[in-house]
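Enquirer: sequence and predicted structure are below.
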Amino acid sequence: MGKYRELVFNITLITIGSILFVWALYCCGIGIDWRVFLILLAFAIILDNIGIMYTDIKLSLSPTIGITTFLIFGTVGAATLMVSSVMFDTIVVRKKIKNGLLNGGMFSIAYLVAGWFYEFIGGKIGIVSFSQVKYILSYVIISFLLNNFILYYALKVQGKILFKEYWNESVLLELGTYIVMIPVSLLLAYIYFKHSLLFFVLSLTPLIFIAYAFRMIRDLIKANKRLNAIYEMVKMINSKLELEQILDTIIEVISQVVSVSAAAIYLTDSNGVAALVKSIGNREGEEGFKENYFKDEGIIGKCISSNKTIAIKDLKQDKRFLKEQFLNNYGSVVVAPLRFSGSVIGCLMVLHVETNVFDEDSVKIIEIIVDQASVAITNAKRYYEVTKKSITDPLTKTYNRRYFNDALMENIMRADETSEPVSLIMFDLDNFKLINDTYGHLVGDEVLKEVAKRIKNNVRSDDIVARFGGEEFAVILPKLTAEQAYMIAERIRNEVLSRPIRTDKGDIYVTITGGVADYPEKADSAEKLISHADRALYAGGKSKGRNKIAIYEV
């Protein structure tokens, strides 16, 4: 569906742009001095060629020539110049025919519509005066908005990631250039009408030096962003962020320093299998990412086993990874290993739909960032393991009493904020002392572990299962009433009863009894919620023969 939508958009844009352009030529003609036009076109091409590539957007001072041409020759002349310039730069210089046709269609629509609007509201061609400034501003604003609107949608249908910060910054930078371009265009048009052609051509020359100055400023900004990216990674190393936050930060930082259409992070397990832990991109691209890679399998496995960065400028020309179907959606890729203490712990893959996007500087900054990211990931995993041990019961791998108390208070406070209930189930294994006395404590431990497993398998992902003490378990169920929690408790009771627990001493059948209460209907505090669920457990369950679930009655 994504490719079809892109095809429809491309055909529509090129067709509308072509029809408008041909119709304008037929109805209005160009009406230009070809000698002056070719001089202006040459300067526009030069300015385009030394423009700034800002992710998927190219910024240049060529609109200065476009506005000047518009003031001298009018709507069709300016549109002809801008379309010719951008198509020459894209098709001839950058060798991208499809993009050249798309850019031509976009510029044709933007500059023709803006010019016709200028004339409609009373703007005059061939007159440079303060009275015309408001009309000229309308021409610039309309062409700017149309260009950016079409460009934004074009990138979106192509599946390119439009990072908000990146897009906003590029738009602001382009607006900043108009502060220079508009007065310069007015001055150049004035010189054309008042002075000789030679003086006019000489007046165009400083634009090249101004363009280089903008490029130098952009390079400084780019270098600063890369330093900030490295700083952010170093800062992240010293933080105690969770692994998911670390992975999000890595992707965000990478997106700030290189152009990204999609990205993925893989981490290796103890067997050397690389598992996908984070990915971004358009839906079609993300669905193509494999969940796991074995040693030497595909581009990910190769990167991990070789412990070397793989950078491919043109995936269509590289024949090494033809079996990687998802790579057909992209033009270039960089896969860099994540290393810690000399060992590979995973890799970062950055992709772009265009070819020749990642130059040597891009590859180097990616490698610097992943080196820092590796430390942060390792620290996050260690922190998680330490934290997990401190809140987990070592035998049953459920949460311990300490974590249960904190979680119950947190859920009750959230229930107060949202006016939603929270339920608590208290479970107790029936005749567990008899099991320990008959089979021994090791078998008793096996029974506890299996019962805990069956409880966890029958609750929701956001429910909290804890070992309350001894053979007692507690389950916190957010957003459920006691009656709804009762149904889950019954399901767990039946699951425990349904089949025996296999142990070294043979199969053992066990049953559990449960009590249910909810907040705020049947209890008005955490302490009373525990007390009432426990009372339901014993008064409504144990006293009536065990293997039962009871709801606390006020």
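Expert: Received the coordinates, thanks. Numbers count the residues shown, from 1 in each chain.
Enquirer: switch to C-alpha atoms for all contacts and neighbour counts from now on
Expert: Fine.
Enquirer: give the buried residues for the host helix or strand of residue 198.
Expert: Using DSSP states H and E, the element containing residue 198 is helix 197-204. The neighbour-count criterion (16 or more other Cα atoms under 10 Å) identifies 200-201, 204 as the buried residues of helix 197-204.
Enquirer: cool, and stretch 442-456?
Expert: Neighbour-count burial for stretch 442-456, counted by 16+ other Cα under 10 Å, picks out 443-444, 446-448, 451-453, 455-456.
Enquirer: what mean pLDDT does that stretch have?
Expert: Mean pLDDT, computed over stretch 442-456, is 94.
Enquirer: and what of stretch 96-115?
Expert: Taken as a whole, stretch 96-115 carries a mean pLDDT of 90.
Enquirer: and it, C-alpha only, in PDB?
Expert: The C-alpha trace of stretch 96-115 is given here as PDB (Å, rounded to 0.1, in the frame of the first residue of the first chain):
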ATOM      1  CA  LYS A  96      18.600  11.300  -9.500                       C
ATOM      2  CA  ILE A  97      16.100  11.300 -12.300                       C
ATOM      3  CA  LYS A  98      12.900  10.600 -10.300                       C
ATOM      4  CA  ASN A  99      13.700  13.200  -7.700                       C
ATOM      5  CA  GLY A 100      14.500  15.700 -10.500                       C
ATOM      6  CA  LEU A 101      11.100  15.200 -12.100                       C
ATOM      7  CA  LEU A 102       9.400  15.500  -8.700                       C
ATOM      8  CA  ASN A 103      11.300  18.700  -7.900                       C
ATOM      9  CA  GLY A 104      10.400  20.100 -11.300                       C
ATOM     10  CA  GLY A 105       6.700  19.400 -10.700                       C
ATOM     11  CA  MET A 106       6.900  20.900  -7.200                       C
ATOM     12  CA  PHE A 107       8.700  24.100  -8.300                       C
ATOM     13  CA  SER A 108       6.400  24.500 -11.300                       C
ATOM     14  CA  ILE A 109       3.300  24.400  -9.000                       C
ATOM     15  CA  ALA A 110       4.800  26.600  -6.200                       C
ATOM     16  CA  TYR A 111       6.300  29.400  -8.400                       C
ATOM     17  CA  LEU A 112       3.400  29.600 -11.000                       C
ATOM     18  CA  VAL A 113       0.700  29.700  -8.300                       C
ATOM     19  CA  ALA A 114       2.700  32.200  -6.200                       C
ATOM     20  CA  GLY A 115       3.200  34.400  -9.300                       C
END
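Enquirer: so which bits of that stretch are buried?
Expert: Buried residues in stretch 96-115, defined by neighbour count with 16+ other Cα under 10 Å: 99-115.
Enquirer: do the same with stretch 525-533
Expert: Residues 525-526, 529-533 are the ones in stretch 525-533 that count as buried (16+ other Cα under 10 Å).
Enquirer: could you check how far that stretch is from the centre of its chain?
Expert: Centroid displacement of stretch 525-533 relative to its chain, using Cα atoms, centre = their mean, to the nearest Å, is 43 Å.
Enquirer: could you confirm residue 322 falls within a helix?
Expert: No - with DSSP: H, G, I helix; E, B strand; the rest coil as the criterion, residue 322 is located in coil rather than a helix.
Enquirer: where does this structure dip in pLDDT?
Expert: Applying pLDDT under 70 to the chain flags residues 1-3, 51-59, 158-170, 218, 221-223, 225, 229, 232-241, 282-288, 383-389.
Enquirer: please repeat the previous calculation with a cut-off of 50.
Expert: Low-confidence segments of the chain, defined by pLDDT under 50: 1, 283-286.
Enquirer: so how far is residue 441 from residue 398?
Expert: In this structure, residue 398 and residue 441 are 19 Å apart, going by Cα to Cα, to the nearest Å.
Enquirer: more neighbours: those two, which one.
Expert: Using other Cα atoms under 10 Å, the more surrounded residue of residue 398 and residue 441 is residue 398, with 24 against 13.
Enquirer: for the residue nearest to the more buried one when sequence neighbours are not counted, phi and psi?
Expert: Spatially, and ignoring its direct neighbours in sequence, residue 398 is nearest to residue 466 (5.1 Å; Cα to Cα, 6 or more residues apart in numbering). Here is the backbone geometry of residue 466 (degrees, to the nearest 10): phi -130, psi 150.
Enquirer: residue 466 against residue 473, yeah?
Expert: Yes - with contact defined as Cα atoms under 8 Å, residue 466 counts as touching residue 473 (5.7 Å).
Enquirer: ok, those two, which is more surrounded?
Expert: Between residue 466 and residue 473, counting by other Cα under 10 Å, residue 466 is the more crowded of the two (28 against 24).
Enquirer: counting neighbours, what do you get for residue 394?
Expert: By the measure other Cα under 10 Å, the count of residues near residue 394 is 12.
Enquirer: specify the local secondary structure of it.
Expert: coil.
Enquirer: any figure for the gap between it and residue 467?
Expert: Residue 394 sits 10 Å away from residue 467, going by Cα to Cα.
Enquirer: residues touching residue 47, list them.
Expert: The contact partners of residue 47, taken as Cα atoms under 8 Å, 6 or more residues apart in numbering, are 60-62, 207-208, 211.
Enquirer: who wins for neighbours among those residues?
Expert: That'd be residue 62 among the contacts of residue 47, by other Cα under 10 Å, with 28 neighbours.
Enquirer: skip the chain neighbours and tell me the closest residue to that one.
Expert: With sequence-adjacent residues excluded and distances taken as Cα to Cα, 6+ apart, residue 62 is closest to residue 44, at 4.8 Å.
Enquirer: helices or strands up against the helix or strand hosting residue 184?
Expert: Per DSSP H and E, residue 184 falls inside helix 164-194. Judged by 3 or more Cα pairs under 8 Å, 6 or more residues apart in numbering; DSSP states H and E, the packing partners of helix 164-194 are helix 62-73, helix 197-204.
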